[in-house]
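Peer 1: next come a sequence and a model predicted from it.
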Amino acid sequence: MEILLALLIGILTAAGAYLIMSGRTLPYLFGLIMISNAANLVIFTAGRLTFGRPPLVPPGEDSVSGVANALPQALILTAIVIGFGLLVFALALAFRSYYVLRTIEMDDMRAAEPVEGGK
Amino acid sequence: MLLFWPVAIPFMTAVLTMLAWRSLRLQRAISVTGGVLLLASAIAIMAAVAENGPVAAQAGGWPAPFGITMVADWLSAVMVLITGIMAVATLVYGLADVTAAEERQGHHPLTHGMLAGICGAFLTGDIFNMYVWFEVMLMSSFVLLALGGEKKQMMGALQYVALNLISSIVFLSALGLLYGLVGSLNMADVAVRLPQAQNDGLVAAICSLLALAFGIKAAVFPVYVWLPSSYHTPPTIVSALFAGLLTKVGVYALIRSQVLFFDVSTPWMRLILLAVGILTMVFGVMGAVAQGGFRRVLSFHIVSQIGYMILGLAWMTPMALAATVFYVLHHILVKTNLFFIAGIARRHCHTEELSRMGGLYARYPGLALLFLIPAMSLAGLPPLSGFWAKLFILKAGVDLESWWPVVAALVVGFFTLFSMLKLWNEAFWKSPPEELPDKPDPAIGRQRWRVIPVVMLAGGTVAFGVFAGPVLDFSLEAAKELLNPQIYVDAVLGDRS
C-alpha cells in the first residue's frame, strides 16, 4: 500500500512539474493542483496506513496501537481547505489576467518588467 | 492571554472595518485605532518578556505538546513589536495615500488580515499552525497585490502567487515528513525529539524542504525572482508594508527552524546558507544597479539585504545571530521608509521612471533630506543604523576568519551606496525634464499624513544608529537565547521536557 501511494505521489509530482514548466498560466495552475494533492498524500502516508482498523480505543483499555494516526488526516483536511481557497483565488486571478492581458503565455507578460528600450 | 492579542486585535479590526463597509471615514478610524492597539499589545508582550524571559500560552488549556502553543521569546517579541510600529506608520501614511476606490474594495480589512497572519507566524509555537498563519498572510497579500486590477499589477500578482503557492506546498510536504518522523508538531517538542531520530536521510530532506519553503518567502537566491517583479506594482502603502515585513517573516521562520531543529543534525546546511547568502547579496545588488524605476531599484535592494541576514544565520555564532537580528530590525525600519518616500516622489513627478523624474531637491529640500537619512543608512554610512548593522555582520565574519563572505559584503555595500546615489541624482538632484508638470498629482491628498510617518521613521533610524550599543546588547540577548534552545523548550514544555 505504501509503495502504491509512493508511486502515485511520484507520478502526480512529475505530471505537475511538467505542466508547471509549460509557460502558460492555466496549465501552471493545474500542475500546482496536482502537486498540492501529492503533498496531501505525503501527509496521509506519514500517518501510517492500515486496512479496516478504525482508530478507536476498545472499551476498558487506555490506548490502542497498530492503527492509523488520525491527526495527519485532520491536518490534510485543513490543508485541503486552505489549498482549495488559494487555488480558487489563483484561478480567478488567471482568468482576470487573461481578460486584461489577452494572453496566457507567461513570456508575453512584460508590463511589470518592461524590456530594455520599452515596447 | 496576552500572547493572543496581537492576533485577535487585527482580526477584530478586520471584522469591524467590514461591518463599517459603508462609511469610509469610520473604516479609517477603526483601522488606525486597531493599529495603535496592536502596537500597545506588542509593547505589553515585550515588557513581559523583558521581565520574565520567554513566555508561553496554551490555546484552550490543552497542555503542550497537544494543543496549539503561542510563545514569545526575545526574537518573537521584538518582531511583533516592530510589526506594530510599522502597522501604525503605514496606516497613518495610508490616511493620505489610499484612494477611496481602494478603500471600497476592502483595503482595510485585508491589511489587518495580513497583520494578523504576520503576528501569528511570529508568535506561534506550533509548526503546522505556522503554516496556517502563512496562508492567512498570503491570502490577504494576494488580494492586496491584485486589488485595482491594473495590467502590470495582474502580472506582478501572477508571479507572486505562482511562486508562493509552490512554497506553501513544499512547506506542507516537509510537515508531513516531519510528523511521520517525530510524531509531533509542537516546535519545542520537535526540538527535543528530532536529535534522537535515527534517520539522517529523512532529517536532511526535511531540513532542505523547510529551507526551500522559507527561502522562497524570504526571497533568497535563486528563488527571489517573484519579489522584484511584483513589489513595484501595487499602491505605495501596500508595497511599503510588504517590503518591510513579508520577507522578514520568511527570514524569521528560517532562523527559528534552523537554530531550533537543525542546529546539531545538519551542519552542511550552514555551508549552503553561506553560499546562498553571498549569491543573494550579489545578485540582488546587481539587479538594483541595472534598474530604472524607483521602486524597482528598492525591490532589488530588499533581496540583496536579505543576503546579509542569511550570512549571519549561516555563521551562527552569538555575534553573527545578534547581527542578523539587528539587521532585520534596521532593514524593516529603513526599507519601509524608502518606499514611503518613493510614494511621495511619485506623486510629485507623476511617474516612477527615474529617467523622467528630477528636480525634487530644488523644489522640496526637506523631502530630499528625509530621503538621504534612510538611503545613506541602507548604504551603510556612519553613524546611521545601517553602518552598525553591516559592521556587526562583518565583525562576526572576521572573528570566524570567513573571508570570502566578508569581501562580498564589502563589495555589495559599495554597490548599494552607488545605487542609492543614482536614486539621489536621478530623482532629486538633476534638473527636471521639460515635460514635468509643476503641480503634483491631484491625488496627493493631505500631505501631512504622509510626512509624519516618514519623519518618525527617519528619526527612528537616527536613534537606532546613536543607540546602537543598547540595541546590540538586546540583540545579543536574543541571540544567546536562540543558541540555547533549552530555554525555549523549557518555556513551552515546562518540567516535562
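Peer 2: Yep, that arrived.
Peer 1: enumerate every residue touching whichever residue of the stretch 301-450 of chain B sits closest to chain A.
Peer 2: For the stretch 301-450 of chain B, the residue closest to chain A is residue B:353, as judged by CB to the nearest CB, at 9.4 Å. C-beta coordinates here come from the backbone N, C-alpha and C atoms, glycine included. Counting by CB atoms under 8 Å, 6 or more residues apart in numbering or on different chains, residue B:353 makes contact with B:292, B:293.
Peer 1: likewise for residue B:279?
Peer 2: Contacts of residue B:279 (CB under 8 Å, 6+ apart): B:221, B:222, B:307.
Peer 1: before we move on, what about residue A:65?
Peer 2: Counted by CB under 8 Å, 6+ apart, residue A:65 has zero contacts.
Peer 1: my guess is residue B:381 is in a strand, correct?
Peer 2: No: under DSSP: H, G, I helix; E, B strand; the rest coil, residue B:381 sits outside any strand and is assigned coil.
Peer 1: list the residues that contact it.
Peer 2: Contacts of residue B:381 (CB under 8 Å, 6+ apart): B:387, B:417.
Peer 1: swap the cut-off to 10 Å and go again
Peer 2: Counting by CB atoms under 10 Å, 6 or more residues apart in numbering or on different chains, residue B:381 makes contact with B:372, B:375, B:387, B:390, B:413, B:417, B:420, B:465.
Peer 1: could you measure from it over to residue B:316?
Peer 2: Distance of residue B:381 to residue B:316, computed by CB to CB, to the nearest Å: 28 Å.
Peer 1: can I get the contacts of residue B:381 in CSV including neighbour count, pLDDT and secondary structure?
Peer 2: Listed next are the contacts of residue B:381 as CSV, based on neighbours: other CB atoms under 10 Å in any protein chain shown; pLDDT from 0 to 100; DSSP: H, G, I helix; E, B strand; the rest coil:
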residue, neighbour count, pLDDT, secondary structure
B:372, 18, 89, helix
B:375, 27, 91, helix
B:387, 19, 91, helix
B:390, 26, 91, helix
B:413, 23, 90, helix
B:417, 16, 90, helix
B:420, 25, 89, helix
B:465, 21, 88, helix
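Peer 1: could you find the closest non-adjacent residue to the residue in the stretch 251-400 of chain B positioned nearest to chain A?
Peer 2: Closest approach between the stretch 251-400 of chain B and chain A, counting by CB to the nearest CB: residue B:296, at 8.4 Å. Nearest non-adjacent residue to residue B:296, counting by CB to CB, 6 or more residues apart in numbering or on different chains: residue B:232, 4.8 Å away.
Peer 1: the most centrally placed residue in chain A: what secondary structure?
Peer 2: Central residue of chain A (CA atoms, centre = their mean): residue A:36, 1.0 Å from the mean position. Secondary structure assignment for residue A:36 (three-state DSSP): helix.
Peer 1: neighbours of the residue of chain A found nearest chain B, how many?
Peer 2: Among the residues of chain A, residue A:46 lies nearest to chain B; the distance is 2.9 Å by CB to the nearest CB. Other residues near residue A:46 come to 22 when the count uses other CB atoms under 10 Å in any protein chain shown.
Peer 1: any idea how far it is from residue A:64?
Peer 2: Noted for residue A:46: a distance of 19 Å to residue A:64, by CB to CB.
Peer 1: so which helix or strand takes in the residue of chain B found nearest chain A?
Peer 2: Nearest residue of chain B to chain A (CB to the nearest CB) works out as residue B:180 at 2.9 Å. Taking DSSP states H and E as the criterion, residue B:180 maps to helix B:151-182.
Peer 1: report the buried residues of that helix.
Peer 2: Neighbour counts over helix B:151-182 (16 or more other CB atoms under 10 Å in any protein chain shown) mark B:152-182 as buried.
Peer 1: so where's chain A uncertain?
Peer 2: Along chain A, the model assigns pLDDT under 70 to residues A:110-119.
Peer 1: can you pull out the helices in it?
Peer 2: Taking DSSP state H to define them, one finds helices in chain A at A:2-20, A:25-46, A:70-101.
Peer 1: residue with max distance from the center of the chain?
Peer 2: Here I'm looking at chain A. residue A:60 (40.7 Å).
Peer 1: sorry, I should have been clearer: chain B.
Peer 2: Farthest out in chain B is residue B:434, which, by CA atoms, centre = their mean, sits 38.5 Å from the centre.
Peer 1: could you count how many residues lie near residue 91?
Peer 2: The chain I'm using is chain A. Around residue A:91 there are 15 residues (other CB under 10 Å).
Peer 1: hmm, I had chain B in mind actually
Peer 2: Neighbour tally, residue B:91, other CB under 10 Å: 27.
Peer 1: would you quantify the distance from the closest residue to residue A:37 other than its chain neighbours to residue A:31?
Peer 2: If the residues on either side of it in the chain are set aside, residue A:37 comes closest to residue A:12, at 5.9 Å by CB to CB, 6+ apart. Separation of residue A:12 from residue A:31 (CB to CB): 10 Å.
Peer 1: re earlier: from what I can see the residue of chain B closest to chain A touches residue A:75, true?
Peer 2: No: if you go by CB atoms under 10 Å, residue B:180 and residue A:75 don't touch, sitting 11.2 Å apart.
Peer 1: quick check: end-to-end length of stretch B:218-238?
Peer 2: 17 Å (CA to CA, to the nearest Å).
Peer 1: give the buried residues for that stretch.
Peer 2: By 16+ other CB under 10 Å, the buried positions in stretch B:218-238 come out as B:218-221, B:223-238.
Peer 1: how many neighbours does the residue lying closest to residue B:426 once chain neighbours are set aside have?
Peer 2: Counting by CB to CB, 6+ apart, residue B:426 lies nearest to residue B:354, which is 3.9 Å off, once chain neighbours are set aside. Close neighbours of residue B:354, defined as other CB under 10 Å, add up to 21.
Peer 1: mind listing what residue B:354 touches?
Peer 2: Contacts for residue B:354 (CB under 10 Å, 6+ apart) come out as B:291-294, B:296-297, B:345, B:422-423, B:425-427, B:430.
Peer 1: whichever of the residues you listed end up buried, select them in PyMOL.
Peer 2: To isolate the buried subset of these in PyMOL, counting by 16+ other CB under 10 Å, use the following:
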select buried, chain B and resi 291+292+293+294+296+297+345+422+423+426+427+430
